[in-house]
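Engineer: give me the fold of what follows.
(2 chains)
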Amino acid sequence: MAEATMQIFRGSSEGGKPVEYKVPIAPGMVVLDALHYIQGHLAPDLAVRWNCKAGKCGSCSAEVNGRPRLTCKTRIDSLPLDKPIVVNPMKSFPVVKDLVTDVSWNYRVNKKIPAFQPRPGAKWKFFQEDVDRPQEFRKCIECFLCQNVCHVLRDHDKKEQFGGPRFFVRIAGLEMHPMDGVSRIKLLRDEMGLGLCNITKCCTEVCPEEIHITDNAIIPLKERVVDQFYDPLVWIARKFTGATGR
Amino acid sequence: MTDRFETHEQDVLVIGAGGAGLRAAIEALAQGVSVGVVCKSLLGKAHTVMAEGGIAAAMANVDSADDWRTHFRDTMRGGKFLNNWRMAQLHAQEAPDRVRELEQWGALFDRTQDGQILQRAFGGHTFKRLCHVGDRTGLEMIRTLQDRGVQQGFDVYMECTVVALLKDGARCAGALAYWREQGRFVLFKAKSVVIATGGIGKAWRITSNSWEYTGDGMALAYKAGAELMDMEFVQFHPTGMVWPPGVQGLLVTEAVRGEGGILRNKSGERFMERYDPKRLELSTRDVVARSIYTEVREGRGTEHGGAYLDISHKPAEYVKRKLPSMYHQFKELADVDITKGPMEVGPTCHYMMGGIRVEAETAQTTVPGLFAAGEAAAGLHGANRLGGNSLSDLLVFGRRAGLSAAKHAKEVSAPTLDPVQIEQAEQEALVPFQRQTGESPYAIHRDLQEVMQNLVGIYRNREDVQRALGELEKFKQRLAAASVEGTRMFNPGWHLALEMKAMLTVSEAVARSALVREESRGAHSRIDFPELDPVWGAKNNIIWKDGDSMALRQNPTSELPAELRQILAEDK
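Structural biologist: Numbers count the residues shown, from 1 in each chain, chains lettered A, B, ... in the order given. Purely as a prediction, here's the structure:
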């Protein structure tokens, strides 16, 4: 039977090293299957976060041969087998153990975002074309791969000033919700550091849900920030025409 | 001695953060009590995210003739009338309000032409009834509830696993848990505890369930003195993936059939015409699962031992819009483009109709202060659940459990925790570390899955189930000698060793109940007793802990009031 050599980071916040395991390959196998094989037969204490193994929960994010991926959707037969398949934890978050990272920062950022609140007196009647765009954002499975690759977080570690693409997507989903009555534009500028994003689209490239993070969420939000804070003429004009800018 | 543990005190402690747990927590908060939610995974990753097809609620947005009575009747018929009628009634009556509430909390469902929530057809439902978001309805529900709960201010203890419920005399007083990250223990003191831990599907080899579905909540409640009910009724979803091997069992949503998907055998025959000519692919899950199984057993299966499910006669854009995650799932994992050709599908262990026995209105178990809701609780679905009735179950009875738990918490004084119980639970949890040479819990788990798959699966008979019970005894002994490697820090081998105890408890309850029910009803099919037996139709199997052994008795089902009997008699 064909075999793959898996080279997995084993260790904790105090350090660690890559360890190699030989894993038999079955047709259609994914990287997470190989990790399960290692747990089941070679290293029962290998720490891996996963839930659904169906690309729906966003738990099993890791870096496979240097590329941030969901391990449940990364086919072994898509990778070269003449060298080890290297699996490392997401780089932008502190390692807890092996492939498990501490993603609690994301939950703290999320808490800062004012939740959905319906516009007073809103009629609960709206159409598919009103929801197509926010539905795109609500596909997000919170795998945090976009956070992991965003250079503002990955290279510059600006976690205190910057919310990251995941939360721009969440805010876009709320701001473009046809019934929502809260503005989060000031929050985007002042606390979420939207201006730090220079639209390199790294987030969009890794999104397993194929959300157009940069084009459909971040850029329109940047425009709203500009409209609200930096363009008084547009602001006055809007007052007269009643356009919402949506 | 309790000072040596990190301790949290809550009025209401909810175990589990899927749909039922989150809805319970939100409701309890709304009653003005303090609420903590403990969950094994990160918040937002619970099994509910995998729910695809929709939420069943008689809103009549698409089929104006729909109403709660029809939904009630469909549910009872689907459950082969073993359902707790009061739960089925409350569920059908309250589901529409629960869906509207989700919308008011920000959920964005697919829309009808006139701007309402769109509803789709599903197996066993007379009318188009499932409110949905493409094929990712569960994700929408989890996010909506999660955001609502975080905004309202519940405390969340993520990646934290409960190992024992603690009692103060007869009443539930809290729980001992450990942080998965460090393996440190943590104590929860609570006036009310809600179990919303979901199902048990990880005891079978071919399953659509995630690793979390190990029956923890049912086993915790059983050990704390609560009763389990209807444990023989395990739903095998008709359509799981069968190929490639790594994804065997992965769910293929019933929405594929709801949107017009057709089942065929290897000769191209639409075989459902033989099994249920009226409802065809949209028959109930028990019937469709057995039909596919029979086709395969009789040699009419596909190359990889399943049936073909084809939606490619619909326009490709429509399929991609209504079934986006199925499209991607097959494309990425099986190299199949479902807009061009058929999927291969076969039955997969999916859902537990049985569970903790609860009072219909209050979700109260037989232990004071202990409540249960969602898949962990029994009663609503009887012998077979209709698709879409799970998400609505979570909302309706999650809310009711939260309400009752809060009410109970307001009425009672703070409980006292018993150091002896705590120490015992701690020792029990740590014992696998004391052995150096035992086998890995993973090996025992693999063998358990084979036994449950082969001997307590879709079709059962006396010899098989008796053999399974014998095997379960051996697994218990093997588990008692198993050891785990490494430290307490995020150690999946240790986690599994603890979960195996729960899986063995619930597997035994399933096998014992399946052995005594000598009839075929809904999801429970006995080859040696293939007919419905009206005598068994009036009984529920009840399991409880009697000293060190598992006891079983039958309770008579309660009599339907005349007005509900009338509804069931109407033929629509």
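
Engineer: any weak-confidence spans in the chain?
Structural biologist: Here I'm looking at chain A. Per-residue confidence for chain A (pLDDT under 70) gives these ranges: A:234-235, A:238-239, A:241-246.

Engineer: actually it's chain B I care about, not the one you picked
Structural biologist: With pLDDT under 70 as the threshold, chain B has low-confidence stretches at B:1-2, B:572.

Engineer: domain ranges for it?
Structural biologist: B:13-233+B:353-411, B:236-347, B:421-529 (automatic domain parsing).

Engineer: measure the second one end to end?
Structural biologist: With CA to CA, to the nearest Å as the measure, the first residue of domain B:236-347 is 6 Å from its last.

Engineer: can that domain be said to contact chain A?
Structural biologist: Yes - judged by CB under 8 Å from any CB of the partner chain, domain B:236-347 and chain A are in contact via B:243-247, B:250-251, B:325, B:328-329, B:332-335. In this view, the C-beta of every residue, glycine as well, is placed from N, C-alpha and C.

Engineer: tell me how far that domain lies from the chain's centre.
Structural biologist: In terms of CA atoms, centre = their mean, to the nearest Å, the centre of domain B:236-347 is set 22 Å apart from its chain centre.

Engineer: from the stretch 1-150 of chain B, which residue is nearest to chain A?
Structural biologist: With CB to the nearest CB as the measure, B:G106 is the residue of the stretch 1-150 of chain B nearest to chain A, at 3.2 Å.

Engineer: coming back round to it: mind putting the domains of chain B into TSV with mean neighbour count?
Structural biologist: What follows is those, written out as TSV (neighbours: other CB atoms under 10 Å in any protein chain shown):
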stretch	mean neighbour count
domain B:13-233+B:353-411	24
domain B:236-347	20
domain B:421-529	19
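
Engineer: okay if I get the ones you listed as a markdown table plus distance to A:T214?
Structural biologist: A markdown table is the format used below for these (distance: least, CB to CB, whole Å):
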| stretch | distance to A:T214 |
| --- | --- |
| domain B:13-233+B:353-411 | 22 |
| domain B:236-347 | 21 |
| domain B:421-529 | 34 |
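
Engineer: just to revisit the earlier point, now, the most widely separated pair of the residues of domain B:236-347 next to chain A?
Structural biologist: Across the residues of domain B:236-347 next to chain A, the longest distance by CB to CB is 20.8 Å; it joins B:P245 and B:S325.

Engineer: quick check, B:S192 in a strand?
Structural biologist: Yes - counting by DSSP: H, G, I helix; E, B strand; the rest coil, B:S192 is located in a strand.

Engineer: which residues does the closest residue to it other than its chain neighbours contact?
Structural biologist: Using CB to CB, 6 or more residues apart in numbering or on different chains and skipping the chain neighbours, the partner closest in space to B:S192 is B:A405 (3.8 Å). By CB atoms under 8 Å, 6 or more residues apart in numbering or on different chains, the residues touching B:A405 are B:12, B:14, B:24, B:28, B:192-194, B:363, B:371.

Engineer: one more pass at 6 Å, please.
Structural biologist: B:12, B:28, B:192, B:194, B:371 (CB atoms under 6 Å, 6 or more residues apart in numbering or on different chains).

Engineer: beta partners of the third one?
Structural biologist: So that's B:S192. Note on B:S192: beta-bridge partners by DSSP bridges are B:V12.

Engineer: so it touches B:V14, yeah?
Structural biologist: No - B:S192 lies out of contact with B:V14 (CB atoms under 6 Å); the separation is 9.1 Å.

Engineer: and stretch B:527-542, how far apart are its ends?
Structural biologist: Using CA to CA, the end-to-end distance of stretch B:527-542 comes to 23 Å.

Engineer: looking at this, the residue of the stretch 1-150 of chain B closest to chain A is in a strand?
Structural biologist: No - the assignment for B:G106 by three-state DSSP gives coil, which leaves it out of any strand.

Engineer: show me the residue at the heart of chain A, geometrically.
Structural biologist: Relative to the mean C-alpha position of chain A, the nearest C-alpha, by CA atoms, centre = their mean, is the one of A:F144, at 3.2 Å.

Engineer: next one: that one from B:R180, what distance?
Structural biologist: The span separating A:F144 from B:R180 equals 18 Å under the rule CB to CB, to the nearest Å.

Engineer: hang on, the earlier thing: and the helix or strand harbouring the residue nearest to B:S192, C-alpha only, in CSV?
Structural biologist: If you go by DSSP states H and E, B:A405 is part of helix B:389-411. Coordinates of each C-alpha in helix B:389-411 appear next as CSV, following Å, rounded to 0.1, in the frame of the first residue of the first chain:
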residue,chain,number,x,y,z
ASN,B,389,-38.0,18.6,12.9
SER,B,390,-34.6,18.6,14.6
LEU,B,391,-33.8,22.3,14.2
SER,B,392,-37.3,23.2,15.3
ASP,B,393,-37.0,20.9,18.2
LEU,B,394,-33.9,22.6,19.4
LEU,B,395,-35.6,26.0,19.3
VAL,B,396,-38.9,25.0,20.8
PHE,B,397,-37.6,22.8,23.6
GLY,B,398,-34.4,24.6,24.1
ARG,B,399,-36.4,27.7,25.0
ARG,B,400,-38.7,25.7,27.2
ALA,B,401,-35.8,24.1,29.0
GLY,B,402,-34.2,27.5,29.6
LEU,B,403,-37.5,28.9,30.9
SER,B,404,-38.0,26.0,33.4
ALA,B,405,-34.4,26.0,34.5
ALA,B,406,-34.5,29.7,35.2
LYS,B,407,-37.8,29.3,37.1
HIS,B,408,-36.4,26.5,39.1
ALA,B,409,-33.3,28.5,39.9
LYS,B,410,-35.4,31.3,41.3
GLU,B,411,-37.3,29.0,43.5
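
Engineer: ok, then the element right after it?
Structural biologist: Sequence-wise, the next helix or strand beyond helix B:389-411 is helix B:419-434, with elements assigned using DSSP H and E.

Engineer: report whether the very next helix or strand once past that next one contacts chain A.
Structural biologist: Next along the chain after helix B:419-434, taking DSSP H and E as the criterion, comes helix B:441-455. Yes - counting by CB under 6 Å from any CB of the partner chain, chain A is contacted by helix B:441-455 at B:Y442.

Engineer: by how many degrees do helix B:441-455 and helix B:419-434 diverge?
Structural biologist: Using axes from the mean of the first three to the mean of the last three CA atoms, to 10 degrees, one finds that helix B:441-455 and helix B:419-434 are set 100 degrees apart in direction.

Engineer: for helix B:441-455, packing partners?
Structural biologist: Helices and strands in packing contact with helix B:441-455 are listed as helix B:462-480, helix B:492-516; criterion 3 or more CB pairs under 6 Å, 6 or more residues apart in numbering or on different chains; DSSP states H and E.

Engineer: these: which one's closest to chain A?
Structural biologist: Evaluated over those, closeness to chain A peaks at helix B:492-516, with 3.1 Å, by CB to the nearest CB.

Engineer: quick check, that closest one touching chain A?
Structural biologist: Yes - where contact is defined by CB under 6 Å from any CB, part of helix B:492-516 touches chain A, namely B:492-493.

Engineer: which one is the residue of chain A found nearest chain B nearest to, not counting chain neighbours?
Structural biologist: As assessed by CB to the nearest CB, chain B sits closest to A:G28 within chain A, at 2.4 Å. Leaving out its chain neighbours, the residue that sits closest to A:G28 by CB to CB, 6+ apart is B:P244, at 2.4 Å.

Engineer: again with A:L79
Structural biologist: Across the structure, with CB to CB, 6+ apart as the measure, the residue nearest A:L79 apart from its sequence neighbours is A:I85 (5.4 Å).
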